[in-house]
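Colleague: What would the 3D arrangement of this be:
(one chain, ligands or ions: 1)
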Amino acid sequence: MTVSMGKTLHESNTCERASMLRIRNLKCYYGRIRAINGVSLSVRPGELIALIGANGAGKSTLLQTISGLLQNWEGEILFQKEPLKGLRPPGIVERGISLVPEGRMLFPPMTVLDNLKLGAYRRYRRREHTAIEEDLEEVLQLFPVLREREKQQAGTLSGGEQQMLAIGRALMAKPRLLLLDEPSMGLAPFLVRLILDVLVQLKEQGMTILLVEQNARAALQIADRGYVLENGKMVLEGNGCDLLADQDVKRAYLGKDYREFCEGRS
Ligand code: ATP
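Modeller: Take a look at the predicted model:
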């Protein structure tokens, strides 16, 4: 359902029924500052959802809250019908949610291989060694350049390779839901395309994905549905194509060319 910017957003009942992740009336705080103000969102199994919005809209805050990195929040977050309230990040990873954080947050002095294995550290405790080796092989097939660089320190990789490593590390936790915070940031266009193609490939393999992006056009092109966040409030929801065609989204988020085009017509 698409609504105009600034109007109230209501989720459809069908969306709520089948959700893997369901967020209702979420409010997040940094001390006394409210960064998210009554946000609702749902992600169904197998969907690729894009969350777009300007700087400071609250996108990272939302992902960090889902991941348990921010604990000061009100409202409801259900993952596979279970509340996430009170769970710390390790517990949330255990439930099946992995975050690829903004800025990648790798361990630069450690090798590529060790960074990948760290993504599976809780699984090592459960002695899932064989499954971990299989997943490692899958990640190295997904990103062949990481195999070439496996003994290299993560800090010596290019930006694109580091992003691949951050995604690979998140996959090593064997998530059901993958959260990505601005994976295209600072990358050349061909690398952005490569990363987004990998996300499409993961979706085709059944992964559920919530993608935060400032590169709204690229994100909406591959998304099943998208949400637009503005100043801590969800102002728009729709399928990827509808949002790409939406005049308000074009004006606000799809770049100078689109804005000039629209202004020239108005
Ligand atoms: P960007 O694309 O720039 O990362 P964003 O949409 O991810 O933007 P957030 O980083 O979630 O936005 O920030 C949402 C709001 O919360 C902003 O007003 C920001 O200034 C504020 N904020 C973020 N981190 C903190 C913090 N640690 N302490 C206080 N306020 C914060």
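Colleague: Can you name the residue of the stretch 101-250 of the chain nearest the ligand?
Modeller: Among all residues of the stretch 101-250 of the chain, Q214 sits closest to the ligand, at 5.7 Å; criterion: C-beta to the nearest ligand atom. Where you see a C-beta, it was placed from the backbone N, CA and C, and this is true even at glycine.
Colleague: Now do the contacts for the closest residue in space to that residue that isn't next to it in sequence.
Modeller: Spatial nearest neighbour of Q214, chain neighbours left out: E182 (6.2 Å); criterion: C-beta to C-beta, 6 or more residues apart in numbering. When the contact criterion is C-beta atoms under 8 Å, 6 or more residues apart in numbering, the partners of E182 are 60, 102, 212-214.
Colleague: and the helix ranked longest in the chain, what other elements does it pack with?
Modeller: Criterion DSSP state H: the longest helix present in the chain is helix 189-204. Packed against helix 189-204 by the contact rule (3 or more C-beta pairs under 8 Å, 6 or more residues apart in numbering; DSSP states H and E) you find strand 48-52, helix 129-142, helix 159-171, strand 208-213, helix 216-222.
Colleague: relative to strand 48-52, how tilted is the helix or strand following the third one?
Modeller: Spelled out, that is helix 159-171. The first helix or strand that comes after helix 159-171 along the chain, using DSSP states H and E, is strand 177-181. Angle, strand 177-181 to strand 48-52, by axes from the mean of the first three to the mean of the last three C-alpha atoms, to 10 degrees: 30 degrees.
Colleague: so does strand 177-181 get close to the ligand?
Modeller: No. Counting by C-beta under 6 Å from any ligand atom, the ligand is not contacted by strand 177-181; separation bottoms out at 7.3 Å.
Colleague: name the helices or strands packed onto that strand?
Modeller: When contacts are defined as 3+ C-beta pairs under 8 Å, 6+ apart, strand 177-181 packs onto helix 59-66, strand 97-100, helix 159-171, strand 208-213.
Colleague: Name the next helix or strand following the first one along the chain.
Modeller: Counting by DSSP H and E, the element after helix 59-66 in chain order, helix or strand, is strand 73-79.
Colleague: How far off centre is that following strand?
Modeller: Computed by C-alpha atoms, centre = their mean, to the nearest Å, the chain-centroid distance of strand 73-79 equals 17 Å.
Colleague: again, but for stretch 132-145
Modeller: 21 Å.
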